[in-house]
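A.B. asks: dropping a prediction and its sequence here:
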Amino acid sequence: MDVLRGIAVLGLMFMNIYTFAVFEYDYTPSATPPFSDSLIFTINTVFIDGRFRSLFCLLFGASLVIQWQLWQNVEKQHKRLKVLAFIGLAHGFLLWAGDILFIYACAGWLTLKFSQQDEEKNLRMGMLFLLLGAFISFLLTFVEPDFNPVTRSSESFLMAYDAAYSSYFAGFVSNFLVFIIMLIAVPLITVWMAAGLMLMGVYLYKKGVFIHGLTNSQFKLIVPAAISLTALRLIIDPNQSVFMYAIVEPINWLAALSMAIFYCHIIVKVVKNIPNNWLLLQQAGRMSLTLYLMQTVIFILFFKVVFPTAALSFDRIDYWLVIAVMLVFQLFFCKVYSMYFKQGPCELIWRKLSN
């Protein structure tokens, strides 16, 4: 599972990096985007968007079961989640509004209430939470749908850029306010989606998927679901109507779940067949919290301090080049750090605060 976790935390960069430029707009193209934008958008939609976040949630749910099996102490788990929630709040308010740690702590608390029930109940509750989150998201989209295409020369984008970059204090205030909005969404949508994915992770762990991969019957169900839902997401044009705009995100969530489970199967099978070539990813998985927070710090320094005009000039390929450098750096960091220490610095702090 360390390899899976390492891949998941490194894969998160492909989704998150755009929001470090101007959070509210994610990636914003130029008025005449290059062909590479369309190509990378398709790759993102098929293989990346939501896939690694879903994989991380599945693994988090599985880890809750493993912790229970080791400790037989739900209060200790609650304390760990409480500490994680405070780390997430500090991360979100002080650094980056896209924090997932607070959401994971809240969803983990909810998941623990059902994790000791039988796996079929885990599956039913997981699907119920996922559908509830998707339905609420679908309804909320009708409140204020926005079909106007935004480019880097759009007035609304430039206003958001000025609000975030006019000064460091202005950037801090902008991030602070956006994170408050993100927190409001937690009880409405995100906690249900995350808890649903975690309960699916509990179910998959109990079924041995993280050890042996999918059974033939499970494989025949997941692969067609992943292909059909991803194809449907590619076909849908969210600018076509309010309904299409509202339905696109729930469909992408379900496609992401199917693809994440498929990734689990493939990675488990490959690691079992070639067990000796995954040390770096294992090390990354054991330091996932450290790497996640490191990504925030380095990307903030890059986009807000070193290269503040990147949001006005970067195409998708430029963001991917930054990710490539970051991948190499983080894997190198894991290799060197693991030569001297057994536990990542943030993991150590989390453990100390939880004791």
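C.D. replies: On my side now, so go ahead.

A.B. asks: low-confidence ranges in the stretch 51-200 of the chain?
C.D. replies: For the stretch 51-200 of the chain, the stretches with pLDDT under 70 are 144-147.

A.B. asks: show me where it has strands.
C.D. replies: Taking DSSP state E, counting those that start in this stretch as the criterion, the stretch 51-200 of the chain carries no strands.

A.B. asks: does Asp318 really touch Ala311, like I thought?
C.D. replies: No - between Asp318 and Ala311 there is no contact under C-beta atoms under 8 Å: 10.8 Å. In short, each C-beta sits where N, CA and C put it, glycine included.

A.B. asks: neighbour-wise, which of those two wins?
C.D. replies: More neighbours surround Ala311 than the other of Asp318 and Ala311, with 22 against 12 (other C-beta atoms under 10 Å).

A.B. asks: so who does the more buried one touch?
C.D. replies: Shown in contact with Ala311 (C-beta atoms under 8 Å, 6 or more residues apart in numbering): Ala21, Val22, Thr28, Arg152, Tyr161, Tyr165, Phe303.

A.B. asks: so what's it closest to, chain neighbours aside?
C.D. replies: Ala21 (3.6 Å; C-beta to C-beta, 6 or more residues apart in numbering).

A.B. asks: these two touch, right, that neighbour and Ala310?
C.D. replies: Yes - counting by C-beta under 8 Å, Ala21 touches Ala310, with 6.0 Å between them.

A.B. asks: what do these two both touch?
C.D. replies: Common neighbours of Ala21 and Ala310 (C-beta under 8 Å, 6+ apart) are Phe303.

A.B. asks: and the two? which has more neighbours close in?
C.D. replies: Using other C-beta under 10 Å as the criterion, Ala21 and Ala310 rank with Ala21 on top: 26 against 16.

A.B. asks: and the gap between that one and Gly92?
C.D. replies: 18 Å (C-beta to C-beta, to the nearest Å).

A.B. asks: what about the residue lying closest to Ser153 once chain neighbours are set aside, which SS state?
C.D. replies: Spatial nearest neighbour of Ser153, chain neighbours left out: Ala31 (5.4 Å); criterion: C-beta to C-beta, 6+ apart. Of the three states, Ala31 takes coil under DSSP: H, G, I helix; E, B strand; the rest coil.

A.B. asks: and Ala31, what pLDDT?
C.D. replies: For Ala31, the model assigns a pLDDT of 90.

A.B. asks: so what does it look like in phi/psi?
C.D. replies: Dihedral angles of Ala31 (phi, psi; degrees, to the nearest 10) stand at phi -60, psi -30.

A.B. asks: residues contacting it?
C.D. replies: For Ala31, the contact set (C-beta under 8 Å, 6+ apart) comprises Thr151, Arg152, Ser153.

A.B. asks: by neighbour count, which of those wins?
C.D. replies: Arg152 (20 neighbours).

A.B. asks: got the phi and psi for that residue?
C.D. replies: phi -70, psi -10.

A.B. asks: so how far is Ser63 from it?
C.D. replies: Separation of Arg152 from Ser63 (C-beta to C-beta) stands at 40 Å.

A.B. asks: and what of Gly88?
C.D. replies: Using C-beta to C-beta, we find Gly88 at a distance of 16 Å from Ser63.

A.B. asks: could you do Val83 as well?
C.D. replies: Distance of Val83 to Ser63, computed by C-beta to C-beta: 15 Å.

A.B. asks: that's all I had, so thanks and see you.
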